[in-house]
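Colleague: sequence unknown, structure follows:
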Ligand code: ZN
């Protein structure tokens, strides 16, 4: 059985080297929102197109460390086409992943629990909480997404 850490590292490297949903969308109708993590120098620009209560399309540009860029790619793959309620639920689950996993690790538990598994490939970022300085890298795309959803005109 493959080591879980190796599997997660592979997923992160795959998304870093071959980022999903790269590019831009015309604004409007898309909403453009920028995020910046001064601790690491990570940058992300998201283009969000909302339609019929869904995140109809998402594109992104950015640069920075592997964690920030892989997290953005993983996020886009996870939320594209989803109903906005599902997008917000994924956002909340990811926030929890970045805060509570540390406790589970301290207790000697594996980061892979049922609620983490529901995150699919996003679970690959669970190990980031072992390095608190990297949490902001992993969260950047998500906090930017939350900002964009708040700024996007309701349809
Ligand atoms: Zn970073």
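Modeller: Perfect, I can see it now. None of the values given here were measured: they were computed from a predicted structure. Numbers count the residues shown, from 1 in each chain.

Colleague: Now the phi/psi pair for residue 33, please.
Modeller: Note on residue 33: its backbone torsions stand at phi -140, psi 140 [degrees, to the nearest 10].

Colleague: who in this structure is up against the ion?
Modeller: Within the chain, the residues that sit near the ion (CB under 5 Å from the ion) are 40, 42, 65, 68, 137. All C-beta atoms are positioned from the backbone trio N, CA, C, and that covers glycine.

Colleague: Might one say that residue 73 is in contact with residue 19?
Modeller: Yes. With contact defined as CB atoms under 8 Å, residue 73 counts as touching residue 19 (4.1 Å).

Colleague: joint contacts of those two?
Modeller: residue 60 (CB atoms under 8 Å, 6 or more residues apart in numbering).

Colleague: related to what we said a few turns ago, of the residues of the chain next to the ion, which belong to helices?
Modeller: 68, 137 (DSSP state H).

Colleague: Look at residue 73 and residue 19 and report which has more neighbours.
Modeller: More crowded of residue 73 and residue 19, by other CB atoms under 10 Å: residue 73, with 25 against 19.

Colleague: Please enumerate the strands of the chain.
Modeller: All strands of the chain, identified by DSSP state E, fall at 31-37, 42-51, 54-63.
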